[in-house]
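> Task: produce atomic coordinates for the following.
(chains A and B)
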Amino acid sequence: MTDTAISATTLTAQQYREARARRAKRAGLLKHVFLIATSLIMIYPLIWMISASFKPDNQIFGSLSLWPQTFDWDNYGQGWNALSVSFTRFFLNSTFVTVLSVIGNVISCSFAAYAFARLEFTGKNMWFALMMMTLMVPYHVVLIPQYLLFLNLGWVNTYLPLIVPKFLAGEAFFIFLMIQFFRQLPRELDEAAMIDGCSPFKIYWAIIMPLSLPAMATAAIFSFIWTWEDFLGPLVYLNKVEDYTVPLALRMFLSQDGASQYGPMFAMSILSILPIFLFFIIFQRLIIRGIAMSGLK
Amino acid sequence: MEKFFRRNFAGYAFLAPWLIGFFLLAIGPILASLYLSFTKYNIVRPPQWIGLDNYFYMFQFDDRFKKALQVTFSFVVISVPAKLIFALGVAMALDKGIRAIGWYRALFYLPSILGGSIAVAILWRQLFNYDGVVNSALRLVGLDGPYWLADPKYSLWTLIVLAVWQFGSPMLIFLAGLRAIPQELYEAAEIDAAGPLRKFFAITVPLLAPVIFFNLVLQMIEAFKSFSGAFIISGGSGAPLDSLLFFTVYLYDEAFSYLRMGYASALAWVLLLIIAAFTAIAFWTSKYWVHYENERG
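Model prediction:
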């Protein structure tokens, strides 16, 4: 009597488990179908652009096909020299601005983050609150006065308005990200170093920075991507074609009268996002963790 | 006095770059912009004080201002919820250790990292061409697509789709939030025979509310600030018929095409106040639907 009761319950429990596993498997399959379909739609435009960069102009439109009838590398050669200045120049300009911006952001933001996370000083909470408030202010509000300031300094049509602010820790997101990271490091390290007579700078340089390479790398990667893609800054401050960064140069394809150069335009578009794409492939882990940690864009 | 100096020296030394930036590039320009908003200023002549005239003109006579408000609000109100719903849906499908999650995550995030680039804005213009990819796909299912970019009834949808396509970062943040929900809750609900809908509304939504709120505020601010997509797709002018005249595009146009720096500053302040008001409203309503876990009662 008791035996059968037990086996009956165990049987139902097992059946229940099996039914659940079957259901889970079916749901899992459905999920994969949904996810694969969605990711294909998501990626389709990008693949289409790659394929368009190999097509002659007359095959680009009116076709969904991703496979060009003939692979035409000409678009790349033509695109590179399609504008009045060669893309060699534009890529060098972009690289120059981007490298200096990354360096500036990492140094200046880590300074500020170290002060907020590890040092004590009067007014710290107030400055911290003000820093967080700057996160909300749209760039368009400071744009005009900043422009007038740089105009008066004679910096318009130079790269200084794009680079100097990066050395002044303007990106509160990065400061916030670094503070979060620094706070996880044990304070005993600082205290031990202080007892050994280390200065705050020595502690920053020899202890905090080496232990925070992931946070620095994350800030550097985002800084790279945002500066490389930045459009409004260069649009406002650079007026001579030979000073243009890559995004401004790409825009020239659109404003050129009628002369449809779609293939070359797509070829250069692909090249312009290639560095970002490679960074993403290489540093995917850091990028994804960085977003989860700080809510970065 | 000397002690005070010594105690604060290190902190302020490390904070110095940020402090300089804060005064010269953030708070200084914000105040300067407020001052300029009460003036008439075209760079050539010194600013001329006109009191509230810019604001009066804006609200009483400026039809482009009203149009810009309407376009921007439509964009925010449609694109932000759509993006969040999409992000949450995909995040839920990705949750619970699905196979190849790393691949999916990377694929879904890729558009977000490339989406701000001019290359993608250019691509978008071509996708929504009359004989572009979107209409070719619609033709497959027997629909005749409209002139997306030339018809003011449809043009805003191209930008909404572009924004929703970049749902990657809210998705990653949702994913982290979903991981934090204890699995036992779902199991308990299953034993009580709760269906998927019930589980979603009784467990997922309330426990995820803080994350939903965070994403909502962040994406809303981003949407109000978005610029380069609208600028490129509308050819810099908000065309067709100002249907893509985002607030930021209008501001840029006033400041840098017409050199109406005073009026553009007033526009910038209105934008700042709108963003602040929306954020405040979100925070105010949040106490009715967002409850944090450490709260009691």
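> that's a strand at B:Asn8, yeah?
No. Counting by DSSP: H, G, I helix; E, B strand; the rest coil, B:Asn8 is not found in a strand; it is helix.
> and it, what is it in contact with?
Shown in contact with B:Asn8 (Cβ atoms under 8 Å, 6 or more residues apart in numbering or on different chains): A:Phe121, A:Thr122. C-beta here means a position set from N, CA and C on the backbone, and glycine is covered the same way.
> what pLDDT does it get?
Looking at B:Asn8, its pLDDT stands at 87.
> what separates it from A:Arg118, distance-wise?
Distance of B:Asn8 to A:Arg118, computed by Cβ to Cβ, to the nearest Å: 14 Å.
> I would like the residues contacting stretch B:109-118, please.
A:42-43, A:46, A:225-226, A:229, A:231, A:247, A:250-251, A:269, A:272-273, A:276-277, A:280, A:287-288, A:297, B:120, B:162, B:165-169, B:171-172, B:228-229, B:232.
> Please apply the same query to stretch B:168-178.
Counting by Cβ under 8 Å, 6+ apart, A:288, A:291-292, A:295-297, B:83-84, B:86-88, B:90-92, B:94-95, B:105, B:108-113, B:204, B:208, B:210-212, B:214-215, B:218-219 sit against stretch B:168-178.
> Kindly recompute the last result at 7 Å.
A:288, A:291-292, A:295, A:297, B:83-84, B:87-88, B:90-92, B:94-95, B:108-109, B:111-112, B:208, B:211, B:214-215, B:219 (Cβ atoms under 7 Å, 6 or more residues apart in numbering or on different chains).
> Settle this for me: B:Asn42 is touching B:Leu259, isn't it.
Yes. The pair B:Asn42 / B:Leu259 is scored as a contact, 4.8 Å apart, by Cβ atoms under 7 Å.
> Could you report the pLDDT at A:Phe34?
Predicted confidence (pLDDT) for A:Phe34: 87.
> how close does it get to A:Phe182?
From A:Phe34 to A:Phe182 the distance is 40 Å (Cβ to Cβ).
> ok, B:Ile232 - how many residues close by?
22 (other Cβ atoms under 10 Å in any protein chain shown).
> likewise B:Arg99?
10.
> can you pull the contacts of residue 26?
Picked chain A for this. A:Arg26 neighbours (Cβ under 7 Å, 6+ apart): none.
> wrong one, chain B
A:Thr134, A:Val137, A:Val142.
> And these, which of them are buried?
Buried by 16 or more other Cβ atoms under 10 Å in any protein chain shown: A:Thr134, A:Val137, A:Val142, out of the contacts of B:Ala26.
> quick one, what contacts the first one?
With Cβ under 7 Å, 6+ apart as the criterion, the residues that contact A:Thr134 are A:Ala172, B:Ala26.
> can we see that at 8 Å?
So A:Thr134 contacts A:Ala172, B:Phe22, B:Ala26 (Cβ under 8 Å, 6+ apart).
> now the last one
Applying Cβ under 8 Å, 6+ apart to A:Val142 gives the contacts B:Leu25, B:Ala26, B:Pro29, B:Ile30, B:Ser33.
> Domains in chain A, by residue range?
Following the assignment in automatic domain parsing, chain A carries domains at A:2-75, A:82-294.
> Centre of the chain to the last one, how far?
For domain A:82-294, the separation from the chain centroid amounts to 10 Å (computed by Cα atoms, centre = their mean, to the nearest Å).
> Could you report the pLDDT at the residue of the stretch 1-150 of chain A found nearest chain B?
Residue of the stretch 1-150 of chain A nearest chain B, by Cβ to the nearest Cβ: A:Phe121 (2.9 Å). Here the pLDDT value assigned to A:Phe121 is 93.
> With A:Ser63 instead?
69.
> go on, A:Leu213?
For A:Leu213, pLDDT reads 91.
> and the gap between it and A:Met178?
12 Å.
> for the stretch 151-297 of chain B, which spans come out with low pLDDT?
Counting by pLDDT under 70, the ranges of the stretch 151-297 of chain B that qualify are B:293-297.
> ranges for the strands of it?
With DSSP state E, counting those that start in this stretch, there are no strands along the stretch 151-297 of chain B.
> Kindly report the residues of it close to chain A.
Residues of the stretch 151-297 of chain B lying close to chain A by Cβ under 8 Å from any Cβ of the partner chain are B:165, B:169, B:172-173, B:175-176, B:214-215, B:218, B:221-222, B:224-225, B:227-228, B:231-232, B:235, B:248, B:251-252, B:255-256, B:261, B:264-265, B:268-269, B:271-272, B:275-276, B:279.
> show me what contacts residue 119?
As the question left the chain open, I've gone with chain A. A:Pro200, B:Ala10, B:Gly11, B:Phe14.
> oops, chain B please
Contacts for B:Ala119 were tallied using Cβ under 8 Å, 6+ apart; they are A:Met49, A:Pro247, A:Leu250, A:Ser269, A:Ile270, A:Ser272, A:Ile273.
> What about those, which are in helices?
Using DSSP state H, A:Met49, A:Pro247, A:Leu250, A:Ser269, A:Ile270, A:Ser272, A:Ile273 are the members of the contacts of B:Ala119 that sit in helices.
> Just flag the most distant two among the residues you listed.
Spatially, the most separated pair among the ones in helices among the contacts of B:Ala119 is A:Met49 and A:Pro247, at 15.5 Å (Cβ to Cβ).
> Settle it for me: which of the two has more neighbours?
A:Pro247 (27 against 22).
> Wait, that one touches A:Met268, no?
No. With contact defined as Cβ atoms under 8 Å, A:Pro247 does not reach A:Met268; the gap is 10.7 Å.
> how far away is B:Leu273 from A:Leu130?
Distance from B:Leu273 to A:Leu130, counting by Cβ to Cβ: 19 Å.
> repeat for A:Pro68
If you go by Cβ to Cβ, the gap between A:Pro68 and A:Leu130 works out to 54 Å.
> Next: A:Phe224.
27 Å.
> Between these two, point out the one with more neighbours.
Ranked by neighbour count (other Cβ under 10 Å), A:Phe224 and A:Leu130 place A:Phe224 first, with 19 against 16.
> The strand or helix carrying the more buried one: what's the following helix or strand?
Taking DSSP states H and E as the definition, A:Phe224 sits inside helix A:213-229. Later in the chain than helix A:213-229, the nearest helix or strand by DSSP H and E is helix A:232-237.
> Rounded mean pLDDT for that next one, please.
Mean pLDDT, computed over helix A:232-237, is 96.
> and the ones in helices among the contacts of B:Ala119 near chain B, which?
Among the ones in helices among the contacts of B:Ala119, the ones lying near chain B by Cβ under 8 Å from any Cβ are A:Met49, A:Pro247, A:Leu250, A:Ser269, A:Ile270, A:Ser272, A:Ile273.
> give the contact list for the first one.
Translated: A:Met49. Counted by Cβ under 8 Å, 6+ apart, A:Met49 has contacts A:Phe266, A:Ser269, A:Ile270, B:Ala119, B:Leu123.
> Taking the residues you listed, tell me the two that lie furthest apart.
Most distant of the contacts of A:Met49, by Cβ to Cβ, are A:Ile270 and B:Leu123, 9.6 Å apart.
> Settle it for me: which of those two has more neighbours?
B:Leu123 (25 against 21).
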